[in-house]
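1. coords please:
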Amino acid sequence: MKRFITICWLFALLGGLLFGAGTGEDKTVQSEAAALEEILELESTALDTWYGDSDPTAYTQLFADKATYFDPWSGGKLEDSAIKEYLLSFAGQIPDCRYEFLNPRVDLYGDTAVFTCNLDATDRKDSAVTQWNVAVVFTRTRDGWERVHANWSFKELGS
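-> Next comes the predicted model:
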């Protein structure tokens, strides 16, 4: 009788593991798709005012109080409140561009999302295109997604 109970228990455990693994994978894919949609919406809203109004305010508001940031002009790593101060200094100097996210992707690790993409920004005045490699790390809070790290670098020609 003990052997029968043990075998039943093992089958139940194995079935639960198999069922859980199968549905867990689907939930991950769905969660990543939903996270990508949410993060693209956040980034689009922020970049609409960045490029459209030369106003970095919405972009800076997505940063958590504790965060890090790199870009080609920052001179190195910026942290915490220095990020917002730095980005706000660009107000009124940002060209009016249309932009496009290329190859966007989100990888989820619990409440952490790594968002990567290429971004093409085309100046509406002279049609000059600036191509970016973008990597942003978000954390999910009660209030939604917050940026905890961002890295913007120029895409090299031919890559």
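2. what's the pLDDT at the residue nearest to the spatial centre of the chain?
-> By CA atoms, centre = their mean, the mean C-alpha position of the chain lies nearest to Phe115, the distance being 3.0 Å. Model confidence at Phe115, expressed as pLDDT, equals 98.
3. and Glu156, by the same measure?
-> Per-residue confidence (pLDDT) for Glu156: 76.
4. Leu47 too?
-> pLDDT, Leu47: 98.
5. ditto for the one 10 residues further on
-> pLDDT, Thr57: 98.
6. Leu102 now?
-> So Leu102 comes in at 98 (pLDDT).
7. for it, what are its contacts?
-> Residues near Leu102 by CB atoms under 8 Å, 6 or more residues apart in numbering: Cys117, Asn118, Leu119, Asp120. Every residue, glycine included, has its C-beta placed from N, CA and C.
8. what subset of those residues is buried?
-> The neighbour count (16 or more other CB atoms under 10 Å) marks Cys117, Leu119 as buried among the contacts of Leu102.
9. quick one, what contacts Lys84?
-> For Lys84, the contacting residues are Thr60, Phe63, by CB under 8 Å, 6+ apart.
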